[in-house]
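Colleague: how does the following fold in three dimensions:
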Amino acid sequence: TNGGSAIRSELFLYTQLSLLKTNYQTGDLIPCVAISLPEISNDGLTYHYEIDTNLTWDNQQPILAKDVSFTAKANACIL
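Modeller: This next block holds a predicted model:
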């Protein structure tokens, strides 16, 4: 099922690429794969993220923008 529980969110964090995560104590969004919160265009339609280039997969390959994009698209298909 598609629940919004804290446990589901925590599991998602460890199994999917997420640009941001939630600080559960404050409720604020904080960087995860991104190095900072996004720059948002004046019209609010475009979000620019910079990915942390120090992060790698378990095979030491860098995490790239195309990886984050693929994950977002794959999640959109299953939600």
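
Colleague: which SS state does the residue nearest to the spatial centre of the chain fall under?
Modeller: When CA atoms, centre = their mean is applied to the chain, the residue found nearest the centroid is Ser18 (1.6 Å). Assigned by DSSP: H, G, I helix; E, B strand; the rest coil, the conformation of Ser18 is coil.

Colleague: what pLDDT does the closest residue to Ser36 other than its chain neighbours get?
Modeller: Leaving aside its chain neighbours, Ser36 sits nearest to Glu50 (6.7 Å; criterion: CB to CB, 6 or more residues apart in numbering). C-beta coordinates here come from the backbone N, C-alpha and C atoms, glycine included. Confidence at Glu50, expressed as pLDDT, is 95.

Colleague: for Ala34, see how far away Glu50 is.
Modeller: Per CB to CB, to the nearest Å, Glu50 is found 6 Å from Ala34.

Colleague: neighbour count for these two, which is higher?
Modeller: Neighbours were counted for Glu50 and for Ala34 using other CB atoms under 10 Å; Ala34 has more, 20 against 14.

Colleague: state the phi and psi torsions of that one.
Modeller: Here the main-chain torsion angles of Ala34 (degrees, to the nearest 10) amount to phi -70, psi 160.

Colleague: show the pLDDT at it.
Modeller: Per the predicted model, pLDDT is 95 at Ala34.

Colleague: wait, doesn't it sit right on Thr53?
Modeller: No: the pair Ala34 and Thr53 does not pass the contact test of CB atoms under 8 Å, sitting 11.3 Å apart.

Colleague: any buried residues in the top helix by length along the chain, and which?
Modeller: Longest helix in the chain by number of residues (criterion: DSSP state H): helix 65-78. Within helix 65-78, the residues that count as buried by 16 or more other CB atoms under 10 Å are Asp67, Val68, Thr71.

Colleague: which of these lies closest to Ala6?
Modeller: Thr71 (20.5 Å; CB to CB).

Colleague: re the thing from before, switch the buried residues of helix 65-78 over to CSV; also include distance to Gln60 and pLDDT.
Modeller: Formatted as CSV, those follow (distance: CB to CB, whole Å; pLDDT from 0 to 100):
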residue, distance to Gln60, pLDDT
Asp67, 14, 89
Val68, 18, 87
Thr71, 19, 82
